[in-house]
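J.: Compute the structure for the input listed below.
(one chain, ligands or ions: 3)
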Amino acid sequence: MNTSTEPGLLVVRTVADLRRAVAGFRKAGRTIGLVPTMGALHEGHVSLVKGALERGDVPVTSIFVNPTQFGPKEDFSAYPRDEEGDFDKLRDAQCRIAFAPTKDEMYPGEQLTTVTVAGITDGLCGPLRPGHFQGVATVVSKLLLMAMPDRAYFGEKDYQQLQVIKRMVRDLAMPFEIVGMPTVREKDGLAMSSRNRYLSAEERTKALGMYKQLVTVADAVRDGTKSCAEASAAASQALRDGGFDIVEYFTVVDADSLKPLEHVAGPARVIAAARLGRTRLIDNLAV
Ligand SMILES: Nc1ncnc2c1ncn2[C@@H]1O[C@H](COP(=O)(O)OP(=O)(O)OP(=O)(O)O)[C@@H](O)[C@H]1O
Ligand SMILES: CC(C)(CO)[C@@H](O)C(=O)[O-]
Ligand code: BAL
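T.: Ligands and ions are numbered 1, 2, ... in the order given. Predicted structure coming up:
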C-alpha cells in the first residue's frame, strides 16, 4: 500500500492500512483530525474537514453507514450512498485519508462490547430511537481507537450526539479532543443533511418551517416574551399547520445537561425533531 504523505487522497479499507497511513503522517510530525461520517457528503461535512485543516491537522474522514445505530424500522437500507462522489468531494476539500471499511472490517464477528452514555440520552432522540446512541457511542469509540487522532470533529446539527460523544470521552478519559463545529445551512436556513435528498420539491419548501420556528422560539425565550413551554407549543402547532406530519419534540434545553428549561438563565439550546413524509429532520439553535 502507498503510505506516502504526498498530496492527494489515500483511500483505505482496513484498520491495518488506516493505522499505517496515520503512522506515516505522525512520523512526518503531523497531528491527525478525524471526521466521522456516514457518507453522502455535503458542505456540512466539508466544513468539518476545513475545521481540521484550520487547526493544522491531517484530515482523516471515515465513511461508514453504521447498522447498529439504526432501528429495525429505520432507513438503513435506503440511506443515501455515493462513494465515488464522496471521494471527489474529499479530494476537493484537501482531505488526506478516506477510511471506508466494510461491515466485516468494522464488526468482525459478534460485538459483545458496547458503550452506553446514560442521562443525556434519556430525552430528545434517545427514547424515540432506542439503541441509537449506544450504536453511535460504540462505533465512534471504535473509530477513535482505530485512527487515534489528536482531535475529532462533529457537527452541532446533531447536537445531542455531540454532547453524548463529549461526555463519553470525558467519562472514559479518552485522550482525544472533541471539536464541535457550527451547523452549515442552505441559503434559506435549512440545515444541510444527507437525508434532505429524500425531500420532494413540495416538502423542501415546507422543511424551511423548522428553521423559522427555531429562530422564533430562540428570540421569544431570549427576550422573555414567552416561557419555553409556551413558545415551543406554538412552534409545534405552526409546524403541523405548515405541513409537517409529526412533531416528535420541540423544546428548550440546558446546553450541557440537555434537561428541559422553563426559563432561560444560562447557555441553552432550542432543539427539534419532526417528520415530513418519510423524512425525519432534526435541527437546533443556540438561545
Ligand atoms: N449541516 C451540517 N453542518 C455541520 N455539520 C454537519 C451538518 N450535517 C451533518 N454534519 C455532521 O457531519 C457528521 C456526519 O454526519 P452524517 O454523515 O450523519 O450526516 P448528516 O447530514 O447528519 O446525515 P443525516 O441525514 O443522517 O442526519 C456529524 O458530525 C454531523 O453532525
Ligand atoms: C458519528 C457517526 C458517523 C457515527 O456513525 C454518525 O452518527 C453521524 O454521521 O453523525
Ligand atoms: N447524523 C446522525 C446519524 C443518524 O441519524 O443515524
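J.: So which residues on this structure come close to ligand 1?
T.: Residues of the chain lying close to ligand 1 by Cβ under 6 Å from any ligand atom are 37-38, 44-45, 47-48, 154-155, 157-158, 181, 183-184, 191-195. In this view, the C-beta of every residue, glycine as well, is placed from N, C-alpha and C.
J.: Tell me which entries of those residues lie within helices.
T.: 44-45, 47-48 (DSSP state H).
J.: By neighbours, which of these wins?
T.: residue 45 (28 neighbours; other Cβ atoms under 10 Å).
J.: Could you double-check that that residue sits in contact with residue 63?
T.: No. Counting by Cβ atoms under 8 Å, residue 63 is not a contact partner of residue 45; they are 9.5 Å apart.
J.: okay, and the common contacts of these two?
T.: Common contacts of residue 45 and residue 63 (Cβ atoms under 8 Å, 6 or more residues apart in numbering): residue 37.
J.: quick one: pLDDT of whatever residue of the stretch 51-200 of the chain ends up closest to ligand 1?
T.: The minimum distance from the stretch 51-200 of the chain to ligand 1, using Cβ to the nearest ligand atom, falls at residue 155 (2.2 Å). With respect to pLDDT, residue 155 scores 98.
J.: beta partners of it?
T.: Per DSSP bridges, the residues bridged to residue 155 are residue 181.
J.: what residues go with each domain of this structure?
T.: Domain ranges of the chain: 10-181, 194-286, per automatic domain parsing.
J.: Switch those over to CSV; also include distance to ligand 3.
T.: Compiled in CSV, the domains of the chain are given as follows (distance: least, Cβ to the nearest ligand atom, whole Å):
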stretch, distance to ligand 3
domain 10-181, 5
domain 194-286, 8
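J.: wait, which of those domains is closest to ligand 2?
T.: Closest to ligand 2 of those, according to Cβ to the nearest ligand atom: domain 10-181, at 3.8 Å.
J.: is ligand 2 contacted by that closest one?
T.: Yes. Counting by Cβ under 6 Å from any ligand atom, contacts between domain 10-181 and ligand 2 involve 36-38, 66, 69, 136, 139-140, 158, 161.
J.: what sits against residue 194?
T.: 38-42, 79-80 are the contacts of residue 194 under Cβ under 8 Å, 6+ apart.
J.: Kindly provide the distance from it to residue 226.
T.: In this view, residue 194 and residue 226 are 33 Å apart by Cβ to Cβ, to the nearest Å.
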